[in-house]
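> what shape does this take:
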Amino acid sequence: MSALPREELRGLFLFEHLSEDQLDWVADHAVLEQYEGDSTIINEGGEATCFYVLLGGAIRMTRMVSGTEVETNRSDQRGAYFGATQFFVHQEAEHTFGTTVRALSDVTLLALPSKEFSVEFRKWFPMATHLLEGMYLGWRNSDTVIGSRRRLLALGELSAGLTHELNNPAAAAVRATSALRERVAGMRHKLAFLAKKDIEPELLYQLIDVQERLVKQVAQAEKLTAMQQADREDEITDWFDDRGIDGGWDLADIYVRAGLTTADLDHVLEQVGDTFIDGAVRWLAYALETEMLMGEIEDSTTRISALVGKAKQYSQMDRAPHQWVDVHDGLDSTLVMLSGKLGGIRVVKEYDRNLPKIPAYPAELNQVWTNIIDNALGAMAGEGTLTLRTWGENEQVRVEVGDTGPGIPADIKPRIFEPFFTTKPVGEGTGLGLDISWKIVVERHQGDLRVESEPGNTRFEVCLPTVEQASL
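This next block holds a predicted model:
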């Protein structure tokens, strides 16, 4: 197919300032290519043989990230370009396409052979080529080093927070298991002791029946204040003392934590009588404490499972990249991952739980929550209040992250979303967090990201649409 005439080529923004001879070269070497909707134009990793310019239609660009196809861009702008965009860089290895591009509709493209275009481009713009090549290679090398370091640091911080949260329930489960082993051994001993007393079978059945009834009460034990607990322990201790039971104070603590009262002990006395009451209350104490220890183990392991679930939600492991999601799940999982940084910071959640789910890339939104919340925690330096608020407005879900830090100075506020801009000391920040967040919210989700700040009150507001947006 013949290429475009010179006048039409000059109408494309890429070629509008080329000389007549340069336009002639483009016209002589370019070809027109057409693709039907839903067809693949180029594949990521394929040899980058052509530099493409979009003349008509719409395209979609994707990249493979950890085995998952991630959309990076869509365009129907006439003159948009893709393909061998690094054609001007000298490399020993073959250039490859960095993305996969598919046609969303019938597409018309102008294709230039990359190798020939590279030679001519260097002749036309020698100094610009050297500058571009140096900038590209320098950026790529520094981005590789800094990006790897930043990811390792972020992973270390998140792992530290998760490890800190997992350590408490895991240690509690270990302690409870050790104590449970001792109590079970004590129960075996007490059972043998009761057997030596030639206890009547019917009485033993009654004791077991009392045990089962009291054990069931443990789960419904009411929460007592320190004063209420002390008063009830005094009452039960007196009850034991009145009946000549030694060590009543230690036993009282178990019975009170199990939610029992002197009325329950009176019922035990009625069932077993004075002869066996000493052995009975000690046997029951072991049974009650065993039940409480098993409850503690269950609670600890449940917390561990919940934390692992939060970590999986945060990483979006084994989940589709695009889903209908509840923003609260991402916010909560991010707090878990950053728990090691919370320190003395008070967290306030003002969630509207009636908000609808939204169409989103949850793993990317979690990155947004991480960047914004991490900045807020850093601004407060271990003291203050972090407020997370959600509400719905104008077919959008709004998420606000507020902190009580010193605020953002008015003179730098317009620049905070610029790439590589940071107020942190050298070596502590890359200045990419809010830039990445802006791209994810505004470009990927077609939402909005804004900030209001004054000393003691900084609020980042993320606006996300509740309905699927048009392709373009």
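> all helices of this structure, in order?
Assigned by DSSP state H, the helices in the chain fall at 6-10, 20-29, 114-124, 126-196, 201-218, 226-242, 248-257, 262-315, 327-337, 362-380, 433-438.
> in CSV: the ones you listed, plus mean neighbour count and mean pLDDT.
Heads up, the C-betas are built off the backbone N, CA and C, glycines and all. Below are the helices of the chain laid out as CSV (neighbours: other Cβ atoms under 10 Å; pLDDT from 0 to 100):
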stretch, mean neighbour count, mean pLDDT
helix 6-10, 15, 84
helix 20-29, 15, 89
helix 114-124, 15, 88
helix 126-196, 13, 68
helix 201-218, 14, 71
helix 226-242, 15, 88
helix 248-257, 19, 84
helix 262-315, 17, 77
helix 327-337, 21, 86
helix 362-380, 22, 87
helix 433-438, 20, 79
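> against Leu12, how distant is Ile416?
Distance, Ile416 to Leu12, by Cβ to Cβ, to the nearest Å: 35 Å.
> with Gln211 instead?
Gln211 is 87 Å from Leu12, by Cβ to Cβ.
> check Arg213 too.
86 Å.
> sorry, back to before: distance to Thr62 added to the helices of the chain, as TSV?
Listed next are those as TSV, based on distance: least, Cβ to Cβ, whole Å:
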stretch	distance to Thr62
helix 6-10	29
helix 20-29	28
helix 114-124	21
helix 126-196	20
helix 201-218	56
helix 226-242	60
helix 248-257	58
helix 262-315	21
helix 327-337	23
helix 362-380	14
helix 433-438	18
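> compare those and give me the one nearest Gly37.
helix 6-10 (23.5 Å; Cβ to Cβ).
> and the closest one, what does it pack against?
helix 20-29 (3 or more Cβ pairs under 8 Å, 6 or more residues apart in numbering; DSSP states H and E).
> now the angle between helix 114-124 and the helix it packs on, please.
180 degrees (axes from the mean of the first three to the mean of the last three Cα atoms, to 10 degrees).
> any chance you could list what contacts helix 20-29?
3-6, 9-10, 15, 18, 112-113, 116-117, 120, 124 (Cβ atoms under 8 Å, 6 or more residues apart in numbering).
> rerun that using 6 Å as the cut-off
3, 6, 9, 116, 120, 124 (Cβ atoms under 6 Å, 6 or more residues apart in numbering).
> repeat for stretch 238-250
With Cβ under 6 Å, 6+ apart as the criterion, stretch 238-250 contacts 237, 262, 265, 278.
> how long is it end to end?
Taking Cα to Cα, to the nearest Å, stretch 238-250 runs 12 Å from one end to the other.
> stretch 373-391 too?
18 Å.
> list the contacts of it.
331, 334, 338, 341, 343-352, 355, 398-405.
> pull out the buried members of these.
331, 334, 338, 341, 345, 351, 355, 398-405 (16 or more other Cβ atoms under 10 Å).
> which ones among those residues map onto strands?
Assigned to strands by DSSP state E, the following of those qualify: 398-403.
> for those, give me JSON lines that also has pLDDT and distance to Leu104.
Compiled in JSON lines, those are given as follows (pLDDT from 0 to 100; distance: Cβ to Cβ, whole Å):
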{"residue": "Arg398", "pLDDT": "95", "distance to Leu104": "30"}
{"residue": "Val399", "pLDDT": "95", "distance to Leu104": "30"}
{"residue": "Glu400", "pLDDT": "96", "distance to Leu104": "35"}
{"residue": "Val401", "pLDDT": "95", "distance to Leu104": "35"}
{"residue": "Gly402", "pLDDT": "94", "distance to Leu104": "39"}
{"residue": "Asp403", "pLDDT": "94", "distance to Leu104": "41"}
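> export the residues you listed to CSV and tack on distance to Val26?
Below are those laid out as CSV (distance: Cβ to Cβ, whole Å):
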residue, distance to Val26
Arg398, 48
Val399, 48
Glu400, 51
Val401, 49
Gly402, 54
Asp403, 53
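> list just the nearest of those to Gly98.
Closest to Gly98, out of all of these and judged by Cβ to Cβ, is Val399, at 32.1 Å.
> I'd assumed Val462 was in contact with that closest one.
Yes: between Val399 and Val462 there is a contact at 4.5 Å, judged by Cβ atoms under 6 Å.
> got a list of what Gly330 touches?
Here Gly330 is in contact with 362, 365-366, 369 (Cβ under 6 Å, 6+ apart).
> as CSV, those residues with distance to Asp242 would be great.
Output for the contacts of Gly330, formatted as CSV (distance: Cβ to Cβ, whole Å):
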residue, distance to Asp242
Pro362, 63
Leu365, 64
Asn366, 61
Trp369, 60
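> among these, which one lies nearest to Ser39?
Closest to Ser39, out of all of the contacts of Gly330 and judged by Cβ to Cβ, is Pro362, at 29.7 Å.
> quick check: closest non-adjacent residue to the closest one.
Val325 (4.6 Å; Cβ to Cβ, 6 or more residues apart in numbering).
> can you pull the contacts of that neighbour?
357, 360, 362.
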